[in-house]
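In: got a predicted model here, sequence first, then my questions.
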Amino acid sequence: MKIQRATLFSTLSAALLLFSTSCSDDDDNSMANNDSVKVYASNNSNGNISIYDFSSSTSVTTKSLITVSSAADGIYFDEDTETVYQASRSGNNLEGFIGVNDIVDGTVIDTAISGASDMTSPREVAVRGNLYVVADNADVDGDANTPDGKLYIYTLSNGSFTLRNVVTTDIKLWGITFNGNDLYAVVDATNQLAIYSDFLSNTTTTTVSATKTIALEGIVRTHGITYDTSSDVLVMTDIASATNGQDDGGFHVIENFTNKLNALANGETLALSNQIRVSGSATSLGNPVDVAYDAESRTVYIAEAGNNGGRILAFNNIGTGGNLTPSFNSALASASSVFITSN
């Protein structure tokens, strides 16, 4: 998922691998330069929201907030209102929870903002201004041989979501992210990336084809995607075999992405030599379904749905990639989405 810039210590101590759990608000905890990095995560196990606070250089605190949903996917945090939004897979709608940073661990939180149950199988959420786009990966026409999906576009106004329009695609959907007005979408069940130029100019319910599609060498099946404008870095995940959720996954970091994208014609492939791949037995990557990226520390955060039942992972000191051990590794059953922010 697309993130705001954050700062994380480049070296996390071994204590982070077995982080402490806190029921307190961590806004009073301080660290060098007054930076506070938080990771917001959703899951398909119980639908609750997990918040990880990296304010301390020696430990990470976490809390879980109980929602009305029993399963959830795409997640987004609005710093201005301290509101977490997630796509509820049990309710098939968007839901928002206000003031989450001041709520203690284990609290049942009220749904302050919600939309109608318009969707069938909501996955990732991408936000541009007051417009919230949700990728729905349900089969549109009932024919599994014809790939398709839907992008639901909601307007957030006066504390509620209103469905503006629905765009049907001719690709299977999962992860989405914005680069300016362009929407990047992974083409599920493939190694491809679809670009929809000036996506939000589609204001009616219609069917739209991608402006451009490229493939990424080395990826078997992609799910998660994020793009950082400040560094021009794209990160995409590889779940590889859908039947192996333990150890065959990975992720790709593509630096100087705009120039590399522009150098490819529609349908061409980005060579593995122009990417950094992280994968292998030490990574705990089996089914990495979502990703966030901190450009300042070059840290990749992963929602890992499969390995040992699900995990939240972080990788720093990526270098040239390879079989890296996560700098942070915490169990979260059926982890589905991650978003990071700093203040």
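Out: Good, I have the coordinates. Numbering: from 1, shown residues only.

In: so which strand or helix has the residue nearest to Val133 when sequence neighbours are not counted?
Out: Leaving aside its sequence neighbours, Val133 sits nearest to Ala126 (CB to CB, 6 or more residues apart in numbering; 4.7 Å). In this view, the C-beta of every residue, glycine as well, is placed from N, C-alpha and C. Taking DSSP states H and E as the criterion, Ala126 maps to strand 122-128.

In: low pLDDT regions in the stretch 201-343 of the chain?
Out: The model of the stretch 201-343 of the chain has pLDDT under 70 over residues 343.

In: ranges for the strands of it?
Out: All strands of the stretch 201-343 of the chain, identified by DSSP state E, counting those that start in this stretch, fall at 206-208, 212-216, 222-228, 233-238, 250-254, 269-270, 276-279, 288-294, 299-304, 311-315, 328-331, 335-342.

In: would you convert the ones you listed into TSV that also reports mean neighbour count and distance to Lys172?
Out: Below are the strands of the stretch 201-343 of the chain laid out as TSV (neighbours: other CB atoms under 10 Å; distance: least, CB to CB, whole Å):
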stretch	mean neighbour count	distance to Lys172
strand 206-208	12	14
strand 212-216	19	13
strand 222-228	26	11
strand 233-238	25	15
strand 250-254	24	19
strand 269-270	18	19
strand 276-279	21	23
strand 288-294	28	14
strand 299-304	30	19
strand 311-315	24	25
strand 328-331	19	29
strand 335-342	26	17
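
In: ok, the closest residue in space to Thr258 that isn't next to it in sequence - contacts?
Out: Nearest residue to Thr258 in three dimensions, chain neighbours excluded: Asp232, at 5.4 Å (CB to CB, 6+ apart). Listed by CB atoms under 8 Å, 6 or more residues apart in numbering, the contact set of Asp232 reads 255-258.

In: from those, which would you call buried?
Out: Phe257 (16 or more other CB atoms under 10 Å).

In: and of the contacts of Asp232, the nearest to Asn137?
Out: Nearest to Asn137 among those: Phe257, at 24.2 Å, using CB to CB.

In: my guess is that closest one meets Ser231, correct?
Out: No: with contact defined as CB atoms under 8 Å, Phe257 does not count as touching Ser231 (9.2 Å).

In: could you single out the nearest of the contacts of Asp232 to Asp110?
Out: For the contacts of Asp232, the nearest to Asp110 is Phe257 (40.0 Å; CB to CB).

In: bridging across strands, which residues link to the closest residue to Glu304 other than its chain neighbours?
Out: Spatially, and ignoring its direct neighbours in sequence, Glu304 is nearest to Arg311 (4.3 Å; CB to CB, 6+ apart). Beta bridges link Arg311 to Glu304, Ala331, judged by DSSP bridges.

In: I'd like to know how far Arg311 sits from Phe251.
Out: Separation of Arg311 from Phe251 (CB to CB, to the nearest Å): 14 Å.

In: joint contacts of these two?
Out: Common neighbours of Arg311 and Phe251, using CB under 8 Å, 6+ apart, are Ile302.

In: would you agree Leu332 is in contact with Ile312?
Out: Yes: counting by CB under 8 Å, Leu332 touches Ile312, with 5.0 Å between them.

In: spit out the residues that contact the two alike.
Out: Taking CB under 8 Å, 6+ apart as the contact criterion, the common neighbours of Leu332 and Ile312 are 41, 50, 303.

In: mind putting the residues you listed into a markdown table with distance to Val104?
Out: Below are the shared contacts of Leu332 and Ile312 laid out as a markdown table (distance: CB to CB, whole Å):
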| residue | distance to Val104 |
| --- | --- |
| Ala41 | 18 |
| Ser50 | 14 |
| Ala303 | 24 |
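
In: quick check: end-to-end length of stretch 169-186?
Out: Criterion CA to CA, to the nearest Å; first-to-last residue distance in stretch 169-186 is 12 Å.

In: what's the answer for stretch 188-200, then?
Out: Stretch 188-200 has an end-to-end distance of 21 Å (CA to CA).

In: related to what we said a few turns ago, ok, so of the contacts of Asp232, who is nearest Ser69?
Out: Set against Ser69, the nearest of the contacts of Asp232 by CB to CB is Phe257 (33.6 Å).

In: check contacts around that closest one.
Out: By CB under 8 Å, 6+ apart, Phe257 lies in contact with 227, 232-234.

In: one more: Thr81?
Out: So Thr81 contacts Ile98 (CB under 8 Å, 6+ apart).

In: what of Asp290?
Out: Contacts of Asp290 (CB under 8 Å, 6+ apart): 1, 74, 124, 175, 223-224, 237, 302-303, 335-338.

In: quick check: Phe77 touching Thr83?
Out: Yes: between Phe77 and Thr83 there is a contact under CB under 8 Å: 7.3 Å.

In: gap between Val133 and Ala271?
Out: Note on Val133: its distance to Ala271, by CB to CB, is 30 Å.

In: same drill for the two, tell me which one is more crowded.
Out: Neighbours were counted for Val133 and for Ala271 using other CB atoms under 10 Å; Val133 has more, 23 against 12.

In: picking that back up, now flag whichever of the contacts of Asp290 is closest to Ser64.
Out: Distance ranking of these against Ser64, using CB to CB, places Ala335 first at 12.4 Å.
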